[in-house]
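S.K.: Okay, predicted coordinates and the sequence, questions at the end:
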Amino acid sequence: MTPLQRRALLATLAAALAGGLPAAHAQGRYPDKPITFVVPFQAGSATDQLARALAQSITEQTKQTVVVENKAGASGMPAAQQVARAAPDGYTVFITTNTTHAANEHLFKKLSYDPVKDFAPVTGLGKGGQVLVVRPDAPYKTVADLVAAAKKTPGRLSFGSGSASSRVAGEMFKQLSGTDILHVPYKSNPGAITDLLGGQIDLMITDTATGLPQVRAGKLKPLGFSTQKRSPQLPDVPTLDEAGVKGYDMSYWFAAYVPAGTPAPVVNGLQELLVAAVKSAPAKTFFDTSGAEAWTTTPAELARFQASESQKWGRVIKAAGIEPE
């Protein structure tokens, strides 16, 4: 092989390698140091599970460490504020949900962050439904039994929630079923699950990633699914609408954001990394076992989606009779 042929071969290999990697990484600009994923919920939550799967994939793609930092509590506001104040360089990434970026502005009179002005959208990550669960020894076998018990003793039964999705799901259930059930707030859904298992609360409507393992282990009993379509993981469980709570439809979503002012090339490079990560084996395992489904977007598509979701959650929260705190 002549020197000229050798140089041509090396150039071809370099081009092929660059073509197999996100543009920003191939050019060696981003990332060139560890990345932090900030998650607004506890370890073990659905968002945490997805963040860790994505972190594993991005570490494999880039050979850079991705640290997952859980900052739970106050409906994700401290975590959102932390990311909003971080350096806009692409190394602090908010792996979050509709709680912080569509619901909180309608649940609270004042936020410590602006869900639009303080963040640059990167990509959607996934969507999912929720499941109404009770303990196996609960005296009700169906949603109708639960509704009847709640109406017989107003205010006696309680439901837990550790996210806006779970909170609004419970409030919507009360509103559409005509029941009075006490709300008990938690920092994250796994904490509510712990108290449900221990008998401190009576029920909850939780994301499938948190609830399914307990259902499969026989520790919790599913009564209804939150969307208009049954879950493939729970084909024998009726939707809440089918079970008699007419008009019930509630889902949730995951997405990634960075601080406002992050340069567009960095946002685009991160978006490519995350889209590839959502398609990776670790993320596929999460989606296959959690009942959620993969969903990715461009930054502009996520911005438009977030705006429409904010309006939707505002309508749902108002219809559920929830007063801003």
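M.R.: Thanks, I have it. Everything numeric in this text was worked out from a predicted model, so none of it was measured.
S.K.: Just the strands from the stretch 1-150 of the chain, written as ranges.
M.R.: With DSSP state E, counting those that start in this stretch as the criterion, the stretch 1-150 of the chain has strands at 35-39, 66-70, 92-97, 119-134.
S.K.: For this protein, just list every one of the helices.
M.R.: Taking DSSP state H as the test, the helices found in the chain are 3-19, 23-26, 46-62, 77-84, 98, 104-107, 143-152, 164-177, 189-198, 208-216, 264-278, 281-290, 299-319.
S.K.: Switch the ones you listed over to TSV, and while doing so, append mean pLDDT, distance to Asp241 and mean neighbour count to every line.
M.R.: In short, each C-beta sits where N, CA and C put it, glycine included. Putting these into TSV (pLDDT from 0 to 100; distance: least, C-beta to C-beta, whole Å; neighbours: other C-beta atoms under 10 Å) gives the following:
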stretch	mean pLDDT	distance to Asp241	mean neighbour count
helix 3-19	37	47	10
helix 23-26	40	44	18
helix 46-62	96	22	23
helix 77-84	98	32	21
helix 98	95	20	23
helix 104-107	95	23	20
helix 143-152	98	10	17
helix 164-177	93	9	24
helix 189-198	96	22	20
helix 208-216	92	17	21
helix 264-278	98	29	21
helix 281-290	93	22	17
helix 299-319	94	15	16
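S.K.: roughly how far apart are the residue nearest the centre of the chain and Asp32?
M.R.: When C-alpha atoms, centre = their mean is applied to the chain, the residue found nearest the centroid is Phe254 (3.7 Å). Distance, Phe254 to Asp32, by C-beta to C-beta, to the nearest Å: 26 Å.
S.K.: And Gly261, by the same measure?
M.R.: Gly261 is 19 Å from Asp32, by C-beta to C-beta.
S.K.: same check, this time on Pro190
M.R.: Counting by C-beta to C-beta, the gap from Pro190 to Asp32 is 35 Å.
S.K.: what does Asp118 give?
M.R.: Look at Asp118 and Asp32: by C-beta to C-beta, they are 25 Å apart.
S.K.: the more surrounded of the two?
M.R.: Legend: neighbour count by other C-beta atoms under 10 Å for Asp118 and Asp32, higher for Asp118 (19 against 10).
S.K.: surely that one meets Gly261?
M.R.: No: counting by C-beta atoms under 8 Å, Asp118 stays clear of Gly261, with 9.6 Å between them.
S.K.: Find the nearest non-adjacent residue to the residue nearest to the centre of the chain, please.
M.R.: Once flanking residues are discounted, Phe254 sits nearest to Leu125: 4.1 Å by C-beta to C-beta, 6 or more residues apart in numbering.
S.K.: OK, contacts around the one you found?
M.R.: By C-beta atoms under 8 Å, 6 or more residues apart in numbering, the residues touching Leu125 are Leu50, Leu54, Ile95, Trp253, Phe254, Ala255, Ala256, Leu274, Val278, Ala294, Trp295, Thr296.
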